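Engineer: From the sequence below, what's the structure:
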Amino acid sequence: RNWHITLSKFLRDYIYIPLGGNKYKNRLYLNLFITFLLGGIWHGAGYNFIIWGTIHGIGIGLYLKWKSYNIKFNTWLAWFLTFLFINFTWIFFRAKDLKSALNIISGLVALDFQNLYSNTKIVNFYSIAMILFSFIVMLKFKNSVELIKEKGSAMMSIYAGILFAVSFMLLKKNSEFLYFQF
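Structural biologist: Okay, here's the model as predicted:
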């Protein structure tokens with residue numbers, strides 16, 4: 001938690017604010033874009049990290065522009081769109097390179113990027129079902145902060161044990177800590 005607070009404060013204090021922050025409304029979007037782009041580059045020099053930072057910068061800019069028009073989404077729709085956006089952008093963060101990220105996206109929507117017009121299957125319904133299922137789980141089950149508040153309860157212990165067992169059974173390979181590669 002502190003790691004990202006430190007990075008966020010660094011980006012805010014040494015990039016966003018010196019660029020002018022939100023002091024000049026005509027530069028707000030550019031300042032946000034540059035800050036997120038540099039945040040992406042900080043995570044790694046590959047194109048996938050640059051795209052990840054760029055998409056987040058564009059997303060924050062679009063959100064603020066949309067918000068400036070005082071247009072409100074239904075809360076559930078807003079959560080769902082945020083969920084989809086974050087999951088999409090993190091494909092670029094976690095993929096080993098740009099080609100892998102595009103392959104993952106291609107698999108999600110069942111598109112062939114090499115021969116886009118020859119593929120007649122447009123949607124991978126399994127992927128959409130899994131996204132919807134994940135969204136429902138996110139809304140209906142308690143998050144880690146809520147579970148920590150219940151520490152010591154028998155149900156919490158059983159729940160944690162079941163999650164640990166399922167996670168262990170689904171473990172297919174060892175992966176090193178993400179930041180070791182930098």
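Engineer: Need the residue closest to the centroid of this structure.
Structural biologist: Ile86 (3.0 Å; Cα atoms, centre = their mean).
Engineer: Please pull up the helix or strand immediately following the strand or helix carrying that one.
Structural biologist: Applying DSSP states H and E as the criterion places Ile86 in helix 75-94. With elements assigned by DSSP H and E, the helix or strand that comes after helix 75-94 is helix 98-109.
Engineer: continuing past that following helix, what's the next helix or strand?
Structural biologist: helix 125-140.
Engineer: quick one: that next one to helix 75-94, angle?
Structural biologist: Relative orientation of helix 125-140 versus helix 75-94 (axes from the mean of the first three to the mean of the last three Cα atoms, to 10 degrees): 120 degrees.
Engineer: now helix 125-140, how far from the chain's geometric center?
Structural biologist: Relative to its chain's centre, helix 125-140 lies at 15 Å (Cα atoms, centre = their mean, to the nearest Å).
Engineer: List the contacts of it.
Structural biologist: Residues outside helix 125-140 that contact it (Cβ atoms under 8 Å, 6 or more residues apart in numbering) are 79-80, 83-84, 87, 107-110. No exception for glycine: its C-beta is placed from N, CA and C like everyone else's.
Engineer: Is Phe73 within a helix or a strand, and which one?
Structural biologist: Going by DSSP H and E, Phe73 is not part of any helix or strand.
Engineer: mind listing what it touches?
Structural biologist: Leu81.
Engineer: rewinding a little: now list the buried members of the contacts of helix 125-140.
Structural biologist: 80, 83, 108 (16 or more other Cβ atoms under 10 Å).
Engineer: nearest to His56, of the residues you listed?
Structural biologist: Phe83 (14.8 Å; Cβ to Cβ).
Engineer: Please report how far the closest residue to that closest one other than its chain neighbours lies from Leu102.
Structural biologist: Among residues not flanking Phe83 along the chain, Phe135 sits closest, at 5.4 Å (Cβ to Cβ, 6 or more residues apart in numbering). Distance of Phe135 to Leu102, computed by Cβ to Cβ, to the nearest Å: 24 Å.
Engineer: Lowest-scoring secondary structure element of the chain by mean pLDDT?
Structural biologist: helix 144-149 (a mean of 70; mean pLDDT, DSSP states H and E).
Engineer: Next secondary structure after that one?
Structural biologist: helix 154-170.
Engineer: So which other helices or strands are in contact with that next one?
Structural biologist: helix 144-149 (3 or more Cβ pairs under 8 Å, 6 or more residues apart in numbering; DSSP states H and E).
Engineer: what's stretch 21-32 in contact with?
Structural biologist: 16, 19-20, 57, 60-61, 64-65.
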